[in-house]
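**Q** Sequence first, predicted coordinates after that:
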Amino acid sequence: MQSNHNKSFWQNAIGGITEFSLEERIFNTMCIFAFFAMLIEAPYNYFAGLKELGWLCMVSLVFIAGLYYLSKIRRKSSIAITLFCIVCNVTFVYCYFYDSGILGPNLLLFALSFFIIITIVPKTQYKIWVPVNMLVVFSVLAVEYYWPELAPDLYLSSLAKTIDFGVTYLVSAILIFLSISYMRRNYEHERLSVEQRNREIEAQKDEILLQKGALEYMNREKDRLLSIVAHDIRMPLSSIQGYLEILNSIGLDEEEKQLIEGQLLQITRDTSEMLMNLLSWSRTQLKGSHVQLKAIDVNEVLKDWLKIESAIAVKKGIRLRMLTAGQLHVMADYDMLHLVIRNLVSNAIKFTPEGGEVIISTRYRGSDGMIIISDNGIGITAEKQQHLFQLNASTTYGTNNEKGIGLGLLLCKEFTEKQQGNIWFESEFDKGSVFYISLKLEAN
């Protein structure tokens, strides 16, 4: 926890990665370390007998603090860096002639200033500051060679000279080490950031390709679905038209009329169910669906919802039974749950032969309430079970040639999950199927 706090403090001190360039952050870092270096150099030079140099270090300390303020706070880094480069060269020229010339650690300081300058200035300014640094160094060496009295040896003893060299080297080594470490750390951070971005881009690319494949599949299935719907709508209309033409042209006895009317009724019922499912699915695809969860008395609503299905079952010769586990209230959307139950019961009747049985039962399971629709019909093949809740448009036929297009079960899954529930099934070919719906119980 402390480490994160320190890291945050340091980032605030030198500037954030997203707000400051690498050169600006390095410059701010140099200002901070140079400030503390001057804090050490100033008293050392003063007590070593180099009082004028000590005062110069104090002035430099204030100047460096001003540069940091100009760069970090005022966000005028380019001006601060330019001022630093100019004053740095002027100061080191003064220090060279004041601090014993070539006999002092001044060339080391010139090298340090050269390193700092090329680290913080933009690459476009290398052509300015690199020649300036070299010109200054060779100029002061030439001046000292011809006028050695301008750079007198001010060291009072060999010990003072040794200490001065040692302290200068130590400060230079620390600044160089910190600069290079910071640059390497930033390089590593940038490299890892690039790798992370590349991985994210690759993941997004894979996700886009998957979505593209899924979208293409959905579009193909929708095209198939619409072609099937168009075909299946034409059939009942053609049948009704044909029946009316027969009535208009020839007379039919009562038995023939009842037979044709029964067939037309079944076709019309199947088409109506198909269109209801298609409209519900289209609405959810285009506009989404607004779910209104409220407490529903399952046993009560099932009695109303199953009236039509009971009549269809009786006409087909199927026994439709309802078994309840007492009062059961679940959180559900009335219309969505109605569509789910209607589709599942209709499918059970459709795929159960005459003499069969469909049972709708309810029960408790922990914090959920369950609605179970079971039949002893023809069941579902293993091949179809794998794609049962997917958009896989194809015409299917019940035991009395009742027609469907496989859209109802997809709606059952989508609508059940939108109600925060689950749906699953068990089926064995030629033995029947059981569909389970699980919904949250009403909160007490």
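**A** Yep, that arrived.
**Q** Three-state assignment for N343, please.
**A** Secondary structure, DSSP: H, G, I helix; E, B strand; the rest coil: N343 is helix.
**Q** Go ahead and name everything in contact with stretch 172-182.
**A** 25-26, 29-30, 33-34, 37, 108-109, 111-112, 115-116, 119 (Cβ atoms under 8 Å, 6 or more residues apart in numbering). Any C-beta I mention is one placed from the backbone N, CA and C, and that applies to glycine too.
**Q** Kindly report the same for stretch 77-93.
**A** 20-21, 23-24, 27, 56, 60, 63, 67-68, 70-71, 106, 109-110, 113, 116-117, 120-121, 129, 132-133, 136, 140.
**Q** Could I have the buried ones of the residues you listed as ChimeraX selection syntax?
**A** Remark: buried members of the contacts of stretch 77-93, expressed as a ChimeraX selection using 16 or more other Cβ atoms under 10 Å:
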select :20,23,24,27,56,60,63,67,68,70,71,106,109,110,113,116,117,120,121,129,133,136,140
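**Q** taking the contacts of stretch 77-93 one by one, which sit in helices?
**A** Of the contacts of stretch 77-93, the ones assigned to helices by DSSP state H are 23-24, 27, 56, 60, 63, 67-68, 106, 109-110, 113, 116-117, 120, 129, 132-133, 136, 140.
**Q** Check which helix or strand G16 maps to.
**A** Following DSSP states H and E, there is no helix or strand that holds G16.
**Q** Per-residue pLDDT of it, please?
**A** The model reports G16 with a pLDDT of 74.
**Q** L22 and R185 touch, don't they?
**A** No. Look at L22 against R185 with Cβ atoms under 8 Å: they stay out of range, at 10.9 Å.
**Q** who's sitting farthest from the centroid in this protein?
**A** E149 (71.2 Å; Cα atoms, centre = their mean).
**Q** if I've got this straight, that residue is in a helix?
**A** Yes. Counting by three-state DSSP, E149 is part of a helix.
**Q** residue ranges of the strands in the chain, please?
**A** With strands called from DSSP state E, the chain shows them at 294-297, 319-323, 329-332, 357-365, 368-375, 396-397, 403-404, 422-428, 432-440.
**Q** Quick one: those strands as TSV, columns for distance to V167, mean neighbour count and mean pLDDT too.
**A** Output for the strands of the chain, formatted as TSV (distance: least, Cβ to Cβ, whole Å; neighbours: other Cβ atoms under 10 Å; pLDDT from 0 to 100):
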stretch	distance to V167	mean neighbour count	mean pLDDT
strand 294-297	81	14	90
strand 319-323	94	14	90
strand 329-332	77	22	91
strand 357-365	80	17	91
strand 368-375	77	21	92
strand 396-397	91	12	54
strand 403-404	91	21	50
strand 422-428	75	16	91
strand 432-440	75	21	93
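**Q** Reformat those into TSV and put distance to Y44 next to each item.
**A** Output for the strands of the chain, formatted as TSV (distance: least, Cβ to Cβ, whole Å):
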stretch	distance to Y44
strand 294-297	81
strand 319-323	96
strand 329-332	78
strand 357-365	81
strand 368-375	79
strand 396-397	94
strand 403-404	94
strand 422-428	77
strand 432-440	76
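**Q** closest one to S193 among these?
**A** strand 422-428 (41.4 Å; Cβ to Cβ).
**Q** That closest one packs against which elements?
**A** Under the contact criterion of 3 or more Cβ pairs under 8 Å, 6 or more residues apart in numbering; DSSP states H and E, strand 422-428 touches helix 407-418, strand 432-440.
**Q** Let's see that with 10 Å instead.
**A** When contacts are defined as 3 or more Cβ pairs under 10 Å, 6 or more residues apart in numbering; DSSP states H and E, strand 422-428 sits against helix 334-350, strand 368-375, helix 382-385, helix 407-418, strand 432-440.
**Q** angle of the first one against helix 407-418?
**A** Which is helix 334-350. For helix 334-350 against helix 407-418, the angle by axes from the mean of the first three to the mean of the last three Cα atoms, to 10 degrees is 140 degrees.
**Q** With the second one instead?
**A** Orientation check (the same axes, to 10 degrees): strand 368-375 against helix 407-418 gives 170 degrees.
**Q** partners of strand 368-375 in the sheet?
**A** Partner strands and pairing direction for strand 368-375 (DSSP bridges) are strand 357-365 (antiparallel), strand 432-440 (antiparallel).
**Q** Please tell me how far the nearest residue to N28 once chain neighbours are set aside sits from V121.
**A** Among residues not flanking N28 along the chain, I14 sits closest, at 4.3 Å (Cβ to Cβ, 6 or more residues apart in numbering). In this view, I14 and V121 are 17 Å apart by Cβ to Cβ, to the nearest Å.
**Q** Just give the number of residues close to G54.
**A** Using other Cβ atoms under 10 Å, G54 is surrounded by 17 other residues.
**Q** quick one: low-confidence ranges for the stretch 251-400 of the chain?
**A** 251-252, 256, 260-267, 269-289, 391-400 (pLDDT under 70).
**Q** 80 instead?
**A** Scanning the stretch 251-400 of the chain for pLDDT under 80 picks out the ranges 251-290, 308, 325-326, 383, 386-400.
**Q** List buried residues within the contacts of stretch 172-182.
**A** Applying 16+ other Cβ under 10 Å to those flags 25-26, 29-30, 33-34, 37, 109, 112, 115-116, 119 as buried.
**Q** Please identify which of those is nearest to K315.
**A** Nearest to K315 among the buried ones among the contacts of stretch 172-182, with distances taken as Cβ to Cβ, is R25, at 82.4 Å.
**Q** Spit out the contact partners of the closest one.
**A** Going by Cβ atoms under 10 Å, 6 or more residues apart in numbering, R25 touches 11, 13-17, 19, 71-72, 77, 120, 182-183, 186.
**Q** how near is the closest residue to I360 other than its chain neighbours to F429?
**A** Computed as Cβ to Cβ, 6+ apart, the closest residue to I360 that is not its neighbour in sequence is M322, at 4.9 Å. Using Cβ to Cβ, we find M322 at a distance of 26 Å from F429.
**Q** try F110
**A** 91 Å.
**Q** quick one, what contacts the residue nearest to E309 when sequence neighbours are not counted?
**A** Nearest residue to E309, sequence neighbours excluded (Cβ to Cβ, 6+ apart): V345, at 4.8 Å. Contact analysis of V345 by Cβ under 10 Å, 6+ apart lists 302, 305-306, 308-310, 312-313, 320, 358, 360, 373, 375, 435.
**Q** give me that answer again for 8 Å
**A** 306, 309, 320, 358, 360, 373.
**Q** With P131 instead?
**A** Per Cβ under 8 Å, 6+ apart, neighbours of P131: none.
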